[in-house]
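Novice: no FASTA, just this:
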(Lines give C-alpha, C1' and ligand atoms only; values in the text may rest on other atoms or scores of the structure.)
Protein backbone atom coordinates (compact mmCIF):
# COMPACT_ATOMS: atom_id res chain seq x y z
CA UNK A 1 0.00 0.00 0.00
CA UNK A 2 2.73 2.48 0.97
CA UNK A 3 4.70 1.40 -2.10
CA UNK A 4 1.74 2.18 -4.32
CA UNK A 5 1.33 5.56 -2.64
CA UNK A 6 5.04 6.26 -3.10
CA UNK A 7 4.78 5.30 -6.77
CA UNK A 8 1.84 7.64 -7.25
CA UNK A 9 3.80 10.48 -5.65
CA UNK A 10 6.74 9.78 -7.97
CA UNK A 11 4.41 9.73 -10.99
CA UNK A 12 3.16 13.19 -10.03
CA UNK A 13 6.67 14.69 -10.25
CA UNK A 14 7.58 16.84 -13.30
CA UNK A 15 8.28 14.61 -16.35
CA UNK A 16 11.99 15.43 -16.68
CA UNK A 17 12.73 14.65 -13.02
CA UNK A 18 10.52 11.57 -13.06
CA UNK A 19 12.20 10.11 -16.14
CA UNK A 20 15.64 10.68 -14.70
CA UNK A 21 15.23 9.60 -11.09
CA UNK A 22 11.88 7.91 -10.35
CA UNK A 23 13.18 4.39 -11.01
CA UNK A 24 16.10 4.85 -8.67
CA UNK A 25 13.96 6.47 -5.99
CA UNK A 26 11.60 3.52 -6.13
CA UNK A 27 14.57 1.17 -5.83
CA UNK A 28 15.70 3.03 -2.70
CA UNK A 29 12.17 2.73 -1.34
CA UNK A 30 12.29 -1.03 -1.95
CA UNK A 31 15.63 -1.24 -0.13
CA UNK A 32 14.52 0.70 2.93
CA UNK A 33 10.74 0.40 2.92
CA UNK A 34 10.18 -1.55 6.12
CA UNK A 35 12.33 0.74 8.19
CA UNK A 36 11.19 4.16 7.11
CA UNK A 37 8.24 3.95 4.72
CA UNK A 38 6.37 6.93 6.16
CA UNK A 39 9.47 9.08 6.26
CA UNK A 40 10.09 8.29 2.61
CA UNK A 41 6.49 9.18 1.79
CA UNK A 42 6.87 12.53 3.56
CA UNK A 43 10.15 13.09 1.71
CA UNK A 44 8.46 12.33 -1.62
CA UNK A 45 5.65 14.75 -0.80
CA UNK A 46 8.13 17.54 -0.01
CA UNK A 47 10.09 16.67 -3.14
CA UNK A 48 6.90 16.87 -5.20
CA UNK A 49 6.13 20.37 -3.93
CA UNK A 50 9.75 21.48 -4.40
CA UNK A 51 10.03 20.15 -7.95
CA UNK A 52 6.78 21.72 -9.14
CA UNK A 53 6.91 25.01 -7.27
CA UNK A 54 10.61 25.82 -7.28
CA UNK A 55 12.42 23.85 -9.95
CA UNK A 56 9.92 23.59 -12.77
CA UNK A 57 9.09 27.28 -12.81
CA UNK A 58 5.42 26.53 -12.18
CA UNK A 59 5.47 29.23 -9.51
CA UNK A 60 5.61 31.76 -12.34
CA UNK A 61 2.40 30.33 -13.74
CA UNK A 62 0.82 30.39 -10.28
CA UNK A 63 1.91 34.01 -9.84
CA UNK A 64 0.49 34.88 -13.27
CA UNK A 65 -2.77 33.11 -12.41
CA UNK A 66 -2.97 34.89 -9.04
CA UNK A 67 -2.24 38.22 -10.73
CA UNK A 68 -4.99 37.58 -13.26
CA UNK A 69 -7.43 36.59 -10.51
CA UNK A 70 -6.66 39.75 -8.55
CA UNK A 71 -7.23 41.83 -11.65
CA UNK A 72 -10.48 40.06 -12.42
CA UNK A 73 -11.64 40.50 -8.82
CA UNK A 74 -10.76 44.20 -8.81
CA UNK A 75 -12.45 44.67 -12.20
CA UNK A 76 -15.54 42.82 -11.02
CA UNK A 77 -15.65 44.90 -7.86
CA UNK A 78 -15.41 48.09 -9.92
CA UNK A 79 -18.25 46.92 -12.10
CA UNK A 80 -20.33 46.03 -9.06
CA UNK A 81 -19.75 49.44 -7.48
CA UNK A 82 -20.61 51.29 -10.69
CA UNK A 83 -23.87 49.37 -10.99
CA UNK A 84 -24.65 49.66 -7.28
CA UNK A 85 -24.32 53.42 -7.09
CA UNK A 86 -25.12 54.52 -10.60
CA UNK A 87 -27.33 51.70 -11.81
CA UNK A 88 -30.72 53.49 -11.49
CA UNK A 89 -29.32 56.72 -12.90
CA UNK A 90 -27.78 54.80 -15.75
CA UNK A 91 -31.02 53.21 -16.74
CA UNK A 92 -32.95 56.45 -16.35
CA UNK A 93 -30.54 58.88 -17.91
CA UNK A 94 -28.67 56.51 -20.23
CA UNK A 95 -25.46 58.14 -19.14
CA UNK A 96 -23.17 57.15 -21.99
CA UNK A 97 -19.95 57.68 -20.05
CA UNK A 98 -20.89 55.33 -17.21
CA UNK A 99 -22.10 52.59 -19.54
CA UNK A 100 -18.93 52.96 -21.57
CA UNK A 101 -16.92 52.60 -18.40
CA UNK A 102 -18.85 49.46 -17.47
CA UNK A 103 -18.21 48.03 -20.93
CA UNK A 104 -14.54 48.93 -20.66
CA UNK A 105 -14.28 47.06 -17.34
CA UNK A 106 -16.06 44.06 -18.87
CA UNK A 107 -13.68 44.12 -21.81
CA UNK A 108 -10.59 44.49 -19.59
CA UNK A 109 -11.69 41.56 -17.42
CA UNK A 110 -12.20 39.31 -20.43
CA UNK A 111 -9.00 40.36 -22.17
CA UNK A 112 -6.88 39.84 -19.05
CA UNK A 113 -8.54 36.51 -18.34
CA UNK A 114 -8.00 35.34 -21.92
CA UNK A 115 -4.35 36.44 -21.94
CA UNK A 116 -3.62 34.71 -18.61
CA UNK A 117 -5.32 31.50 -19.76
CA UNK A 118 -3.46 31.53 -23.09
CA UNK A 119 -0.09 32.12 -21.41
CA UNK A 120 -0.70 29.27 -18.96
CA UNK A 121 -1.83 26.90 -21.72
CA UNK A 122 1.05 27.87 -24.01
CA UNK A 123 3.66 27.50 -21.23
CA UNK A 124 2.35 24.07 -20.29
CA UNK A 125 2.35 22.99 -23.95
CA UNK A 126 5.87 24.31 -24.60
CA UNK A 127 7.17 22.65 -21.43
CA UNK A 128 5.59 19.34 -22.37
CA UNK A 129 6.88 19.60 -25.94
CA UNK A 130 10.46 20.46 -24.98
CA UNK A 131 10.41 17.78 -22.27
CA UNK A 132 9.46 15.19 -24.87
CA UNK A 133 12.11 16.47 -27.29
CA UNK A 134 14.83 16.28 -24.64
CA UNK A 135 13.77 12.75 -23.76
CA UNK A 136 13.89 11.79 -27.45
CA UNK A 137 17.30 13.33 -27.95
CA UNK A 138 18.63 11.51 -24.90
CA UNK B 1 44.25 25.73 -14.31
CA UNK B 2 42.61 28.85 -13.01
CA UNK B 3 38.96 28.10 -12.26
CA UNK B 4 36.55 30.50 -10.66
CA UNK B 5 34.63 28.77 -7.88
CA UNK B 6 33.08 31.93 -6.43
CA UNK B 7 29.61 31.43 -7.98
CA UNK B 8 29.38 27.95 -6.43
CA UNK B 9 30.62 28.73 -2.93
CA UNK B 10 29.61 28.28 -0.18
CA UNK B 11 28.07 24.89 -0.89
CA UNK B 12 24.77 23.99 0.76
CA UNK B 13 25.07 21.36 3.54
CA UNK B 14 23.38 18.73 1.37
CA UNK B 15 25.65 19.43 -1.62
CA UNK B 16 28.74 19.38 0.59
CA UNK B 17 27.79 16.02 2.11
CA UNK B 18 27.01 14.53 -1.29
CA UNK B 19 30.35 15.66 -2.72
CA UNK B 20 32.15 14.31 0.35
CA UNK B 21 30.37 10.97 -0.06
CA UNK B 22 31.52 10.82 -3.70
CA UNK B 23 35.08 11.93 -2.96
CA UNK B 24 36.22 8.41 -2.02
CA UNK B 25 34.54 6.34 -4.71
CA UNK B 26 31.70 6.23 -7.22
CA UNK B 27 28.40 5.49 -5.50
CA UNK B 28 24.75 4.95 -6.36
CA UNK B 29 22.03 7.06 -4.74
CA UNK B 30 21.36 4.74 -1.83
CA UNK B 31 25.11 4.41 -1.26
CA UNK B 32 25.41 8.20 -1.07
CA UNK B 33 22.60 8.34 1.50
CA UNK B 34 24.29 5.70 3.62
CA UNK B 35 27.70 7.32 3.33
CA UNK B 36 26.32 10.72 4.33
CA UNK B 37 24.75 9.17 7.44
CA UNK B 38 28.00 7.36 8.23
CA UNK B 39 30.24 10.41 7.75
CA UNK B 40 28.04 12.55 9.97
CA UNK B 41 27.66 9.74 12.53
CA UNK B 42 23.92 9.75 11.93
CA UNK B 43 23.50 13.46 12.66
CA UNK B 44 22.72 14.41 9.08
CA UNK B 45 20.51 12.31 6.86
CA UNK B 46 19.15 13.11 3.44
CA UNK B 47 16.07 11.56 1.88
CA UNK B 48 15.87 10.52 -1.79
CA UNK B 49 13.93 13.68 -2.69
CA UNK B 50 16.67 15.99 -1.40
CA UNK B 51 19.39 13.75 -2.77
CA UNK B 52 18.13 13.65 -6.34
CA UNK B 53 17.16 17.30 -6.34
CA UNK B 54 20.78 18.10 -5.46
CA UNK B 55 22.22 15.53 -7.83
CA UNK B 56 20.20 17.00 -10.68
CA UNK B 57 21.54 20.46 -9.90
CA UNK B 58 25.12 19.22 -9.46
CA UNK B 59 25.00 17.33 -12.75
CA UNK B 60 23.63 20.37 -14.57
CA UNK B 61 26.51 22.42 -13.18
CA UNK B 62 29.06 19.82 -14.26
CA UNK B 63 30.14 19.02 -10.70
CA UNK B 64 28.88 15.42 -10.68
CA UNK B 65 28.40 13.03 -13.59
CA UNK B 66 26.97 9.59 -14.10
CA UNK B 67 29.48 6.75 -13.98
CA UNK B 68 29.46 3.27 -15.42
CA UNK B 69 28.09 0.55 -13.17
CA UNK B 70 30.94 -1.52 -11.71
CA UNK B 71 28.96 -4.72 -11.24
CA UNK B 72 27.53 -7.00 -13.89
CA UNK B 73 24.58 -8.17 -11.81
CA UNK B 74 23.51 -4.75 -10.63
CA UNK B 75 19.85 -3.80 -10.55
CA UNK B 76 19.33 -1.80 -13.78
CA UNK B 77 17.53 0.90 -11.80
CA UNK B 78 20.72 1.53 -9.87
CA UNK B 79 22.87 4.30 -11.34
CA UNK B 80 26.30 5.39 -10.20
CA UNK B 81 27.59 8.91 -9.80
CA UNK B 82 31.08 10.37 -9.54
CA UNK B 83 32.79 13.71 -9.10
CA UNK B 84 34.05 15.44 -12.22
CA UNK B 85 37.50 17.01 -12.14
CA UNK B 86 35.83 20.37 -11.66
CA UNK B 87 33.70 18.93 -8.83
CA UNK B 88 36.77 17.61 -7.04
CA UNK B 89 38.53 20.97 -7.34
CA UNK B 90 35.37 22.71 -6.10
CA UNK B 91 35.18 20.41 -3.09
CA UNK B 92 38.84 21.15 -2.30
CA UNK B 93 38.11 24.89 -2.53
CA UNK B 94 35.12 24.52 -0.18
CA UNK B 95 37.17 22.51 2.34
CA UNK B 96 39.87 25.18 2.17
CA UNK B 97 37.22 27.86 2.80
CA UNK B 98 35.78 25.96 5.75
CA UNK B 99 39.27 25.42 7.12
CA UNK B 100 39.83 29.19 7.12
CA UNK B 101 36.48 29.74 8.86
CA UNK B 102 37.33 27.18 11.56
CA UNK B 103 40.80 28.63 12.08
CA UNK B 104 39.29 32.10 12.51
CA UNK B 105 36.64 30.75 14.88
CA UNK B 106 39.25 29.03 17.03
CA UNK B 107 41.36 32.18 17.24
CA UNK B 108 38.35 34.25 18.33
CA UNK B 109 37.09 31.67 20.80
CA UNK B 110 40.55 31.38 22.35
CA UNK B 111 40.91 35.16 22.52
CA UNK B 112 37.53 35.68 24.24
CA UNK B 113 36.63 32.42 25.99
CA UNK B 114 34.19 34.03 28.46
CA UNK B 115 32.00 35.88 25.98
CA UNK B 116 30.27 32.68 25.00
CA UNK B 117 28.86 32.16 28.53
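Specialist: That came in fine, so what should we check first? Since the model is a prediction, treat every value here as computed from it, not as a measurement. Numbering: from 1, shown residues only, chains lettered A, B, ... in the order given.

Novice: report the buried residues of stretch A:40-56.
Specialist: A:40-41, A:43-44, A:47-48, A:50-52, A:55-56 (16 or more other C-beta atoms under 10 Å in any protein chain shown). In this view, the C-beta of every residue, glycine as well, is placed from N, C-alpha and C.

Novice: and it, what's its mean pLDDT?
Specialist: Across stretch A:40-56, the average pLDDT comes to 87.

Novice: next: stretch B:25-44.
Specialist: Mean pLDDT, stretch B:25-44: 92.

Novice: that stretch: how far from the chain's middle?
Specialist: Mean C-alpha position of stretch B:25-44 versus that of the full chain (C-alpha atoms, centre = their mean, to the nearest Å) differs by 10 Å.

Novice: which SS class is whatever residue of chain A ends up closest to chain B?
Specialist: Here chain A gets closest to chain B at one residue, residue A:47, 2.7 Å apart by C-beta to the nearest C-beta. At residue A:47 the chain is in helix, as set by DSSP: H, G, I helix; E, B strand; the rest coil.

Novice: wait, isn't it in contact with residue A:18?
Specialist: No. Taking contacts as C-beta atoms under 8 Å, residue A:47 lies outside contact range of residue A:18: 10.8 Å.

Novice: that older thread, nearest residue to the residue of chain A closest to chain B in space, ignoring adjacent ones along the chain?
Specialist: Distance criterion C-beta to C-beta, 6 or more residues apart in numbering or on different chains; nearest residue to residue A:47, sequence neighbours excluded, is residue B:49 at 2.7 Å.

Novice: quick check, that neighbour in a strand?
Specialist: No. Per three-state DSSP, residue B:49 lies outside any strand segment and is helix.

Novice: that one contacts residue A:41, doesn't it?
Specialist: No. Under the criterion of C-beta under 8 Å, residue B:49 makes no contact with residue A:41, lying 10.3 Å away.

Novice: buried sites along the longest helix along chain B?
Specialist: Assignment by DSSP state H gives helix B:85-111 as the longest helix of chain B. Of the residues in helix B:85-111, B:86-87, B:90-91, B:93-94 count as buried by neighbour count, 16+ other C-beta under 10 Å.

Novice: quick one on the thing from earlier: let me have the buried residues of stretch A:40-56 in CSV, extended by distance to residue A:75.
Specialist: What follows is those, written out as CSV (distance: C-beta to C-beta, whole Å):
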residue, distance to residue A:75
A:40, 46
A:41, 43
A:43, 42
A:44, 40
A:47, 38
A:48, 34
A:50, 34
A:51, 34
A:52, 29
A:55, 33
A:56, 30
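
Novice: these in strands, which ones?
Specialist: Taking DSSP state E, every one of the buried residues of stretch A:40-56 sits outside strands.

Novice: quickly find the element holding residue B:62.
Specialist: Per DSSP states H and E: residue B:62 is located in neither a helix nor a strand.

Novice: burial check on it, number of neighbours?
Specialist: Number of residues near residue B:62 (other C-beta atoms under 10 Å in any protein chain shown) recorded here: 12.

Novice: hmm, it is touching residue B:83, no?
Specialist: No. Using C-beta under 8 Å, residue B:62 is not in contact with residue B:83, being 10.5 Å away.

Novice: check which helix or strand covers the closest residue to residue A:11 other than its chain neighbours.
Specialist: What sits nearest to residue A:11 in space, not counting adjacent residues and going by C-beta to C-beta, 6+ apart, is residue A:18, at 6.8 Å. Assigned by DSSP H and E, residue A:18 belongs to helix A:15-50.
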